[in-house]
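J.: My questions concern the predicted model and sequence given below.
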Amino acid sequence: MNLSQKIESYLFYSGEPVSLKKLASVFEVSVSEIEMGVAELKAALHDRGIVLIENDGEVLLATHPEMSDIIHAIKKQELSDPLSKAALETLTLILYKNGATKPEIDFIRGVNSGFMLRNLLIRGLVEKVPNNDDKRVAKYRATFDTLRFLGISGITELPNYAAFVSELQKREEAEAPVEENVFNS
């Protein structure tokens, strides 16, 4: 797999803007090599349904602008539909953990939660906030509107909060992931 393909995979997985410096760090190459890989990826995506957007040293995969009407209709439908079981599961994890990163949520759920997080963000149920433990990864937390809608003044008022948090901590300790850089394989 060449560098532009690795960049494409990483951007698809992350689902959010990623700095060129971050990509260089992930793939253990220079920023200039990343710039060449990004240029190659951009050329490869020409006349495709996905485009590469560059802004101020960050890159992002996005849908082609000609799809905006269809994407807008899909978003409108998503907002009018009730939350799916997966979205509710994701929101529950964020609530009971009092904020969680995407990797934490993915690990607990066992699947990529990017779509669920985007859905919750669009609906205003969660928000991205800085992560004091790791500046490289954002944290998601419930908005005040979500707490107000649930009729609680804080997460400790959630049903069975102490028991759930205790069980979640036990599970995380028992199944702690091994850190490895899968993109350099």
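T.: Yep, it's here.

J.: use CA for all of it now, contacts and neighbours both
T.: OK.

J.: Work out which residue lies at the spatial centre of the chain.
T.: Gly114 (4.3 Å; CA atoms, centre = their mean).

J.: these two touch, right, it and Ser14?
T.: Yes - using CA atoms under 8 Å, Gly114 is in contact with Ser14, at 7.5 Å.

J.: helix or strand right after the helix or strand bottoming out on mean pLDDT in the chain?
T.: Ranked by mean pLDDT, DSSP states H and E, the weakest helix or strand in the chain is helix 68-80, scoring a mean of 80. Downstream of helix 68-80, the next assigned helix or strand under DSSP states H and E is helix 85-96.

J.: distance between the very next helix or strand once past that following helix and the chain's centre?
T.: Remark: after helix 85-96, the chain's next helix or strand is strand 100-101, criterion DSSP H and E. Centroid separation between strand 100-101 and its chain, computed with CA atoms, centre = their mean, to the nearest Å, is 9 Å.

J.: ditto for stretch 50-64
T.: Taking the mean of its C-alpha atoms, stretch 50-64 sits 16 Å from the chain's own mean (CA atoms, centre = their mean).

J.: Can you give me the buried ones in stretch 32-48?
T.: Neighbour counts over stretch 32-48 (16 or more other CA atoms under 10 Å) mark Glu33, Ile34, Glu35, Gly37, Val38, Leu41, Lys42, Leu45 as buried.
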